[in-house]
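Asker: any chance you could fold what I've pasted below:
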Amino acid sequence: MRIRFLGGTGEVGRSAILVEGGGARVLLDYGVMLDDEPGFPMHVPPRELDAIVITHAHLDHSGAAPVFYIGRGVPIYATALTFELTELLLRDFINLSGYYIPFEFLELQNMLSRATYLPYGKPLRIKGMTIKLLRAGHIPGSAQVLVEADGKRLLYTGDINPVDTRLLKGADLDYGELDAIIIESTYADQDHPNRLEVERELVSRIEEVIEAGGTVLVPAFAVARAQEVACILTAHGFPYDVVMDGMARRVNLIFMNHLYELRDPDLFMSAMDDILLVVKRRDRKRFVKRPCVIISPAGMLKGGPAAYYAMRLAGSSKNAIFLVSYQIPGTPGYELLENKIYVVNGKVQEVKAQVERFDLSSHAGMSDLHSILAKLEGSPRVFVVHGAEGNCERLAMWARDELGLEAIAPEAGSTFSI
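Answerer: Numbers count the residues shown, from 1 in each chain. Below you'll find the predicted structure:
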C-alpha cells in the first residue's frame, strides 16, 4: 500500500491524501485552504483515480473536490448527510469566491451526480481495496476511513472527537490491529476544559447579561456549532429567547432529516422548537434591541449576519459577544478577542461590550490524541497531519518518545509504502 500526501501537512487546510493498493487509487478528502485567496492541494489527474472519499463537509476537507468534475469525473463516496452539507457549503463558497476558484455550479452538480451514499460500517469494494467508514464524532455525518488492501490496514481519522457532545456521541475507536494511521493534530499542544463546566459557565454568563438588560451575540459556525449551542441552552433549561440567523437555519432543516445521526434527537428537536428564526431583515433590527441571545454565523465574524450584530452590539457594555469557535489569527474574531477591537469595512470600532471565549471544540484535545495512539493495536506507523505551528511534529515526537512508534510529520508531496 502506498500513501501520498497532497496537502494538509504542517497546516490546517487543503487536506488531501492519495492511497494506492489492490490495484486501486483512492483520494481521501480534497479540501481548500481558506485564506484571502483559496489554496489548493497538489493535483492528481482525474483519469488516474478510481474513487474519492470525503470524510466530512467542512471546506478544508471537501472544498476542492469539484475540480475533478470538469469532465464526467470519478465516483465519490461519503455519508448522505455529508453530501447534503457539502452541497450547501460549496454553493456558498462558489458564490463568495467564484473569481478565485477553477470550478462553478456545473462542476458541483456533476460531482453530486456521481455521489454514492456510504453508511457507517458498510464495506465498499474498489478493485482489490476495501473501504469502511467509522463515526468520527466531529460534526454530524463525519467519518473516519478504514482502508484495507494488499494485506495491510490503514486508518485515516479525518477530524476526530472522542468526547460526547450534546449533538454527537464520541468517535468509534474500535479499529482492530492497524499497520498505519493518519491522525489529525489540531490540538496536539492543548487540552480542552471539562465540557460540562464550560456549558454551565456559558449559560450562566448569557443569563447574567440578559438579566441586566443586555443582548448576547454568539458567533458560531453554521454547521454543528450553532446547533450545539442551541442544544446546550435547552439542556440547561435556559429561560430566555434564543434567536438564530444565517445559514444555520438551513442546516437545522438538514439535520432534522437526519435525526438518526444525532446523539439525542429529542433534545435537538426541543431546541429547534425553542428558537426564534430571523426571517426578514427587519427582524434583525428588532432582536438586536431586546434582551436575548442571538446565535449566528460566521463563527470568526468574517461575514454573515454575525458581522452586523457585532457592529450593532459592540458599543455598549451591557451587551456581550461570546465566542465559541477557534479564532484564526487575522480574522475579526481574533482581533476582537485579543485586542478588544472590531474591524468592519476597514474601520476600527472600539468595543465596550463584554468579550469572552468558551471552548466548545469538536476536535480531540492533546490528552485525547495521546490516548487514541496509546490504545492502538499492533505497532502501526503514524503519520501526523492537520496541525499548524509545529503541532504535527509535536504529536509525532510524542508517539516516538512515549510509545516507541515510528511516527512522521510528512511534507506535501511525500510518498510512503506500508
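Asker: ok but Pro329 is inside a strand, no?
Answerer: No. Assignment of Pro329 by DSSP: H, G, I helix; E, B strand; the rest coil gives coil, placing it outside any strand.
Asker: tally of neighbours for it?
Answerer: 9 (other C-beta atoms under 10 Å). Where C-beta positions appear, they are placed from N, C-alpha and C, glycine not excepted.
Asker: surely Arg284 touches Gly246?
Answerer: No. Using C-beta atoms under 8 Å, Arg284 makes no contact with Gly246, being 10.2 Å away.
Asker: compare the two (neighbour count), which wins?
Answerer: Neighbours were counted for Arg284 and for Gly246 using other C-beta under 10 Å; Gly246 has more, 22 against 18.
Asker: that older thread, give me the common contacts of Arg284 and Gly246.
Answerer: Val278, Pro305 (C-beta atoms under 8 Å, 6 or more residues apart in numbering).
Asker: from Arg225, how far out is the residue most central in space within the chain?
Answerer: In the chain, the residue lying closest to the centroid (C-alpha atoms, centre = their mean) is His58, at 4.9 Å. The gap separating His58 from Arg225 is 11 Å, by C-beta to C-beta, to the nearest Å.
Asker: would you map the helices across this protein?
Answerer: In the chain, helices defined by DSSP state H lie at 59-62, 80-97, 105-113, 195-211, 225-235, 248-256, 265-274, 281-287, 304-313, 332-339, 366-374, 391-403, listed in chain order.
Asker: and the nearest residue to Gly141 once chain neighbours are set aside, what is it in contact with?
Answerer: Residue nearest to Gly141 in three dimensions, not counting chain neighbours: Leu81, with 3.2 Å by C-beta to C-beta, 6 or more residues apart in numbering. With contacts defined as C-beta under 8 Å, 6+ apart, Leu81 is in contact with Pro140, Gly141, Ile254, Phe255, His258, Glu261.
Asker: of these, which is the most crowded?
Answerer: Gly141 (29 neighbours).
Asker: list the contacts of that one.
Answerer: Contacts of Gly141 (C-beta under 8 Å, 6+ apart): His56, Ala57, Ala78, Thr79, Ala80, Leu81, Thr82, Glu84, Leu85, His258, Glu261.
Asker: with Leu124 instead?
Answerer: Tyr77, Leu118, Thr130, Ile131, Lys132.
Asker: kindly report the same for Gly315.
Answerer: Gln349, Val351, Lys352, Ala353.
Asker: what is the rounded mean pLDDT of stretch 14-30?
Answerer: Averaging pLDDT along stretch 14-30 gives 98.
Asker: check the offset of that stretch from the chain's centre.
Answerer: 20 Å (C-alpha atoms, centre = their mean, to the nearest Å).
Asker: hey, C-alpha coordinates of it in CSV?
Answerer: This file holds the C-alpha atoms of stretch 14-30, laid out as CSV (Å, rounded to 0.1, in the frame of the first residue of the first chain):
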residue,chain,number,x,y,z
ARG,A,14,-6.4,21.6,2.0
SER,A,15,-6.5,18.0,3.4
ALA,A,16,-5.8,15.5,0.6
ILE,A,17,-4.3,12.0,0.7
LEU,A,18,-3.9,9.6,-2.2
VAL,A,19,-3.9,5.9,-1.2
GLU,A,20,-2.9,3.2,-3.7
GLY,A,21,-3.4,-0.6,-3.1
GLY,A,22,-5.1,-3.6,-4.5
GLY,A,23,-4.8,-2.1,-8.0
ALA,A,24,-7.0,0.9,-6.9
ARG,A,25,-6.1,4.6,-6.4
VAL,A,26,-8.4,6.4,-4.0
LEU,A,27,-8.3,10.0,-2.9
LEU,A,28,-9.2,10.7,0.8
ASP,A,29,-10.5,14.3,1.0
TYR,A,30,-9.7,17.2,-1.3
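Asker: give the buried residues for that stretch.
Answerer: Buried residues in stretch 14-30, defined by neighbour count with 16 or more other C-beta atoms under 10 Å: 14-22, 24-30.
Asker: which one of the residues you listed is nearest Val209?
Answerer: Ser15 (37.6 Å; C-beta to C-beta).
Asker: mind checking how far that closest one is from Asp274?
Answerer: In terms of C-beta to C-beta, Ser15 sits 35 Å off from Asp274.
Asker: what is the burial count for Leu118?
Answerer: Leu118 has 23 nearby residues by other C-beta under 10 Å.
Asker: so it touches Ile76, yeah?
Answerer: No. In this structure, Leu118 is not within contact of Ile76 by C-beta under 8 Å, at 9.9 Å.
Asker: ok, so of the contacts of Gly315, who is nearest Val163?
Answerer: Ala353 (30.3 Å).
Asker: next, the contact list for that closest one, please.
Answerer: Here Ala353 is in contact with Leu313, Ala314, Gly315, Ser316, Ser317, Lys318, Asn319, Ala320, Ile321 (criterion: C-beta under 8 Å, 6+ apart).
Asker: tell me the contacts of the fifth one?
Answerer: Think Ser317. Ser317 touches Lys352, Ala353, Gln354, counting by C-beta under 8 Å, 6+ apart.
Asker: how far away is Glu20 from Arg4?
Answerer: 8 Å.
Asker: show me the shaky parts of the stretch 251-400 of the chain.
Answerer: Scanning the stretch 251-400 of the chain with the threshold set as pLDDT under 70 gives no residue ranges.
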